[in-house]
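*Asks:* Below is the sequence, then the predicted model.
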Amino acid sequence: MRVPPRVASWLQVAPMALVFTTMVLIPLGIITVVSFLDYDFARVFPEIYLGSWTDALTSPLTLSLYLTVFKFLLITLAITFVVGFWLAYFLVFHVESTGWRMGLLAAAAIPFWTPGPIRMVSWVPLLGKEGLVNKALMNAGITEAPLDWLLYSEFSVILAYCNLLTLAMLGPITHSMAKIPRSLIQAAQDAGAREWQIVRDVVLPLCKPGIAIGAIFIITAVLGDFFMIKIMSGGQINTPANAIATELAAFQYPPAAAKSVMLLVIVVVLITGLLRVVDIRKELQR
Amino acid sequence: MQLKKAREIDETTHTGRPKIRQVTQGHRFDVELVRVTKSYNAKSKAVDDISLRIPRSSYCCLLGPSGCGKSTTLRMLAGHEEVTDGAILIQDTEITTLPPVDRGTSMMFQDYALFPHLSALDNVAFSLKVRKVSKAERDRQAREYLELVQMDHLANRLPNELSGGQQQRVALARSLITRPKVLLLDEPLSALDPFLRTRMRAELKRIQKELGITFVHVTHSQEEAMALSDIMVVMNDAKIMQAGPAREVFETPANAFVARFIGGHNVLMSEGREVSVRADACRIGAMPGMRGASGTVTMVEYKGPFVQVSMTSDTGDDLTATMTDAEYFAAAPQIGDTVAVSWDPKAEHVLS
Amino acid sequence: MMRTARGRPPSFYVLATLMIALLIFLYAPMLCVYILSFQGPDGGMSFPMTGWSTHWFEVLFAGTGGQGIGDVPNSFKRSIRLAACVSVLSTIIAVSAGMAYRRKFPGSNFVFYSAIASMVLPSIFIGFGIALTFNLLGWQVNWFTSGIGAQLTWSLPFGLLIMFIVLGRFNPAYEEAATDLGANSGQRFRMIILPIILPGVIGIFVSSITSSYEENARTQLNVGLGNTMPMEITGILTGASTPVLFAIGTLTSLAMFAIILGAVALMTVMARRRANRPDA
């Protein structure tokens, strides 16, 4: 018996479609519905109530939460892009041996084998009041008293994000850059372009897909994060994801749902914009 | 003489096309390689102590089997490969260690290396852009060169919207706009289908004559090399086997390798010496006053204007005779027949 | 830019320094954890070391000392059980789906964009959504249903992307040749495709184990009774402030290293076996 190819494909993809439908799409629908329902401290009533949405949309708190998270997002994107791009450039065009290139990438990936929460704790002995950095600064006579903004501050949040996400930018950009044929660089050299002109006019435009993929990872990670920011800011900084987590902990489902849908819309808009720059499937298959 | 020739060409080819002919006087050779060696490690040499002089305004083909060092030689000329030992001169100036852009060379890559994110026009204008030429001026010049390669009508297309032959023309224009003294072409025709290949071949020759600069063209096709070359350089095993005008190489091959590689020759032992005899100088049948051999026919190929008969001689050598179809059908030997082959002793060329 | 006889350009040294700085930035915190886990019994969470001991590992295993150590061994078991199920399921589902994408089929974009959505949507949203759905339908959340489901939403998209990379480089002529030689679809998969894509399949397996073991935001609302490792560690993290945290860090890192190195070793052996075949 021969199965038509299209049916074969359907059968092969069915388990995955089932998982995404039941675990992502249906919950998405249900959250949206619940965001319009009435509730009290214990349960949700099947009655339409727009309060969750009017609260979420009109509260000045919402705006300030989003301003905060976008500030972190932009700073993280800027730092990881600059560092990731130049290191990718270093790995692809300066490191001649593939062995060294793969070795350095692997070396950068190994610290991520240590589980996330542990990585958060690991900043304490470095950045804490009695940490190595403060001791070194005081021993060198640069500071007199320990700096308290090194940990549990905006600085430490950004530091942790960059620590976690630089590789998410470096990896895809390296992948894009490694695909640029050497003859293009040589042709640009023949044309008299200097190194910075080659970077600006040839390398950078051809790395756009990698940059877009890296940005997708970072947007997703920063906008969705409620755990790292809580630990690294010592619970002092709130973001929209934090607000959702707090309401969930208090079983306030409809307002949590409304805020979730709002966050989701914002993430989807940003990612859709980036997907215009890159065709992920094509990028991976080449 | 040179000047007069240049004017003639200008007059005959100029049909309203802007003047982009480049003629420079006062030097002897466009390219000079002096005992150039390239080795990657102590054992193997990609290019072994070669010397070569290419006169002004020549079309030079580097010909040889793959791995013979011809592409390495070209890349050393371009400055994309370091020279281990020896010197390279372009128009009497030593450029051995200069960066690519300061050599006066320009390379056309085998894969064309067009920037995929730039239009044909922007690709051609790239070298002017990095030199900060104004947009209007660089577009004007780029159009001029696109016109030279007959691609001005597709100036705004991206490379992946162009066919292979069109991409090649754009790549050519992009190389020429830097006004190189020497244009380097790395197997430029190998990616094209046979029909386009012949057309592009004519085009390359036309543009070379029109600009009056030297082209150095790497190829593994002896047909291509013979059709194009003013000077033909046959390489094998990291060394130059023979360099000279195509006709000279064909009529007087320096050694057995050259005779076999360029084709149309039999390599035989005659009176204790190794000689080459052109296949079209061989006749089927014993003839008085001629040298000869006998052999068994292994293949008969009908090629239209002529017929090629391949044989294995009694001494075990491969022999080929080409003849007009009239000559062939007069006797019409078949595969397996034993035949005599004869040639004029004067047709023998002694090999070193 | 590329190296020439004129030596390396200055940019090489600037960028090499940046590379080294990044590596220090990535390794320094980890090294602190590993070193401080051997802190002496009266030492604290910062340097200096008051001595070298395995005291904090003993505290961890004894589960004593009122450190909020809780239930680490059981949490570890739960996490491993979950990771085992999720990695096997992810591998099978992702490989199967990857095979589907070698052809064009109606609905391919739907599944692909669902996968992208599943990957990029905030984890807290997905976790909450699944829990809410179960809640409204009156089902109990349970590690075997909602727990595995929640984790699959995280591991499957990466599995599918890895399959795209692997199959995008797969020369379809191999399979066509096998078809011409009379292999049926099962034989083609078993004898031709699987051996060639095996490194990628192992890659999916390993990435699923690690992502399952690390995932928290989607899992925590859906795993039912009892903590998983990340939940347990987070709990300890907020409760305890002794080097016992570092002991957990060292041990869990070791477990992760063992899993990944094991998988890499397996891949190397397989690759070598393929390379050593006389006809290869």
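*Replies:* Perfect, I can see it now. Small disclaimer: the values here were computed from a predicted structure and weren't measured.

*Asks:* C:Ala131 touches C:Ser146, doesn't it?
*Replies:* Yes. With contacts counted by Cβ atoms under 8 Å, C:Ala131 reaches C:Ser146, the gap being 7.0 Å. The C-beta positions use only the backbone N, C-alpha and C, and glycine is treated the same way.

*Asks:* who's in contact with A:Leu87?
*Replies:* Residues in contact with A:Leu87 (Cβ atoms under 8 Å, 6 or more residues apart in numbering or on different chains) are A:Leu170, C:Leu15, C:Leu18, C:Met19, C:Leu22.

*Asks:* oh sorry, the question was meant for A:His175
*Replies:* Residues near A:His175 by Cβ under 8 Å, 6+ apart: A:Gly210.

*Asks:* tell me which element it falls in.
*Replies:* helix A:154-178 (DSSP states H and E).

*Asks:* quick check, the helix or strand following that helix touching chain B?
*Replies:* Where DSSP H and E defines the elements, the next helix or strand beyond helix A:154-178 is helix A:182-190. Yes. Contact between helix A:182-190 and chain B, assessed by Cβ under 8 Å from any Cβ of the partner chain, occurs at A:Ser183, A:Leu184, A:Gln186, A:Ala187, A:Ala188, A:Gln189, A:Asp190.

*Asks:* What is helix A:182-190 packed up against?
*Replies:* Packing partners of helix A:182-190 (3 or more Cβ pairs under 8 Å, 6 or more residues apart in numbering or on different chains; DSSP states H and E): helix A:195-198, strand B:105-108, helix B:120-130.

*Asks:* Columns distance to B:Lys205, mean neighbour count and mean pLDDT on top of the ones you listed, output as a markdown table?
*Replies:* As requested, the helices and strands packed on helix A:182-190 are exported to a markdown table (distance: least, Cβ to Cβ, whole Å; neighbours: other Cβ atoms under 10 Å in any protein chain shown; pLDDT from 0 to 100):
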| stretch | distance to B:Lys205 | mean neighbour count | mean pLDDT |
| --- | --- | --- | --- |
| helix A:195-198 | 33 | 17 | 90 |
| strand B:105-108 | 15 | 27 | 90 |
| helix B:120-130 | 21 | 25 | 91 |
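
*Asks:* Tell me which helix or strand whichever residue of the stretch 251-352 of chain B sits closest to chain C sits in.
*Replies:* Closest residue of the stretch 251-352 of chain B to chain C, Cβ to the nearest Cβ: B:Met299 (31.0 Å). Following DSSP H and E, the helix or strand that holds B:Met299 is strand B:291-302.

*Asks:* who does that strand pair up with?
*Replies:* Looking at strand B:291-302 with DSSP bridges, its partner strands are strand B:306-313 (antiparallel), strand B:338-343 (antiparallel).

*Asks:* Kindly reformat these as JSON lines containing mean pLDDT.
*Replies:* Compiled in JSON lines, those are given as follows (pLDDT from 0 to 100):
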{"stretch": "strand B:306-313", "mean pLDDT": "88"}
{"stretch": "strand B:338-343", "mean pLDDT": "87"}
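
*Asks:* Now render those as CSV, adding mean neighbour count.
*Replies:* As requested, the strands paired with strand B:291-302 are exported to CSV (neighbours: other Cβ atoms under 10 Å in any protein chain shown):
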stretch, mean neighbour count
strand B:306-313, 19
strand B:338-343, 19
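
*Asks:* closest to C:Ser108 out of those?
*Replies:* strand B:306-313 (54.9 Å; Cβ to Cβ).

*Asks:* thinking again about what came up before, any chance of the strands paired with strand B:291-302 in TSV, with distance to A:Phe93 too?
*Replies:* Shown next, in TSV, are those (distance: least, Cβ to Cβ, whole Å):
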stretch	distance to A:Phe93
strand B:306-313	51
strand B:338-343	59
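
*Asks:* can you list the residues of the stretch 151-300 of chain B near chain A?
*Replies:* B:Arg174, B:Ser175, B:Thr178.

*Asks:* quick one: the first one and A:Ala191 touch, right?
*Replies:* Yes. With contact taken as Cβ under 8 Å, B:Arg174 and A:Ala191 are classed as touching, separated by 7.4 Å.

*Asks:* who touches both of the two?
*Replies:* B:Phe126, B:Ser127.

*Asks:* could you list every residue that touches B:Ala331?
*Replies:* Residues in contact with B:Ala331 (Cβ under 8 Å, 6+ apart) are B:Ile284, B:Gly285, B:Val339.

*Asks:* secondary structure element for the nearest residue to C:Gly249 once chain neighbours are set aside?
*Replies:* Distances taken as Cβ to Cβ, 6 or more residues apart in numbering or on different chains put A:Ile118 closest to C:Gly249, at 3.7 Å, once the chain neighbours are dropped. Using DSSP H and E, A:Ile118 sits in helix A:116-121.

*Asks:* List the contacts of that helix.
*Replies:* Everything outside helix A:116-121 that qualifies as a contact, by Cβ under 8 Å, 6+ apart, is A:111, A:160, A:163-164, A:227-228, A:231-232, C:29-30, C:33, C:214, C:216, C:230, C:233-234, C:237, C:245-246, C:248-249, C:252-253.
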